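>>> Pasted the sequence and its predicted model underneath.
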Amino acid sequence: MARGKILQSNLAFRLMTFAFKLRDLFQNPRRSLEKAQLAKGMSVVDYGCGPGSFTIPAAELVGHEGKVFAVDIHPLAISTVEQKASRKGLQNVETVLVRGYDTGIEESSVDRVLLIDTIHLIDDPDALFREIHRMLKPDGLLFMEKGHMAMSDQKSILEKTGLFKITESQDLMILATPQS
């Protein structure tokens, strides 16, 4: 993801995890996932999964027929998600530790990509969105939600790629489909 930036220290990751736990008490991740229109049997990528605030509820929503790929650059994110999924008995979570933007996930195989509060950490948005475009099925959806970057800025970055058609845009979220 953010190749040019210094990998977050383990302490910083743990502090971020604590902050996300507090956030999740007031802003239930399931409400966000409802906007992403997840359903049983879907294949979902949580790109920049962090400690799994959205990964775990997404895995529960898509059920054992579905699959969630938890993608992150930080090894602690990956181990945290693996531990949470194991504790919950979720067999449908696959973690992917990336060094760049290539996930290795099969082309045109994903129904949804969640890009939540991640874009502000990305050095090469074009590379990121090319990878997301590559993974998504033609009728798949990219879901972005407001975090540390204004939605207008996120929308502008997304539009500049020319890879997606925005189907819904609000103050707090964007839904987009891949363009051919």
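Done, it's in. Here the structure is a predicted model, which is why all the values come from computation and not from measurement. Numbering: from 1, shown residues only.
>>> Low-confidence ranges, the chain, go.
Applying pLDDT under 70 to the chain picks out residues 1-8, 11, 13-26.
>>> Longest strand in it, please.
If you go by DSSP state E, the chain has its longest strand at strand 136-145.
>>> Please point out which parts of that one sit buried.
136, 137, 140, 141, 142, 143, 144, 145 (16 or more other C-beta atoms under 10 Å). For every residue, glycine as well, the C-beta is placed using N, CA and C.
>>> Can you tell me which of those lies closest to residue 46?
residue 143 (10.0 Å; C-beta to C-beta).
>>> Kindly state the beta-bridge partners for that closest one.
Judged by DSSP bridges, the bridge partners of residue 143 are residue 114, residue 175.
>>> and the buried residues of strand 136-145, which two are the farthest apart?
Greatest spatial distance in these: 137 and 145, 20.7 Å, computed using C-beta to C-beta.
>>> ok so, going back, I'd like the buried residues of strand 136-145 as JSON lines, with distance to residue 175 appended.
Formatted as JSON lines, those follow (distance: C-beta to C-beta, whole Å):
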{"residue": "136", "distance to residue 175": "12"}
{"residue": "137", "distance to residue 175": "14"}
{"residue": "140", "distance to residue 175": "11"}
{"residue": "141", "distance to residue 175": "5"}
{"residue": "142", "distance to residue 175": "7"}
{"residue": "143", "distance to residue 175": "6"}
{"residue": "144", "distance to residue 175": "8"}
{"residue": "145", "distance to residue 175": "10"}
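>>> Isn't residue 81 up against residue 52?
Yes. Contact criterion C-beta atoms under 8 Å: residue 81 and residue 52 qualify, at 4.0 Å.
>>> overlap in contacts of the two?
When contacts are counted by C-beta atoms under 8 Å, 6 or more residues apart in numbering, residue 81 and residue 52 are jointly contacted by residue 70.
>>> Give the closest residue to residue 132 in space, chain neighbours not counted.
Spatial nearest neighbour of residue 132, excluding adjacent residues (C-beta to C-beta, 6 or more residues apart in numbering): residue 113 at 5.0 Å.
>>> Repeat that for residue 56.
residue 84 is the one closest to residue 56 (C-beta to C-beta, 6+ apart), at 5.3 Å.
>>> List the residues that contact the one you found.
Neighbours of residue 84 in contact, by C-beta under 8 Å, 6+ apart: 51, 52, 55, 56.
>>> Go through the residues you listed and name the one nearest residue 93.
For the contacts of residue 84, the nearest to residue 93 is residue 55 (6.3 Å; C-beta to C-beta).
>>> give me every residue that touches that closest one.
Listed by C-beta under 8 Å, 6+ apart, the contact set of residue 55 reads 46, 49, 68, 70, 81, 84, 85, 93.
>>> now with 7 Å?
Going by C-beta atoms under 7 Å, 6 or more residues apart in numbering, residue 55 touches 46, 49, 68, 70, 81, 93.
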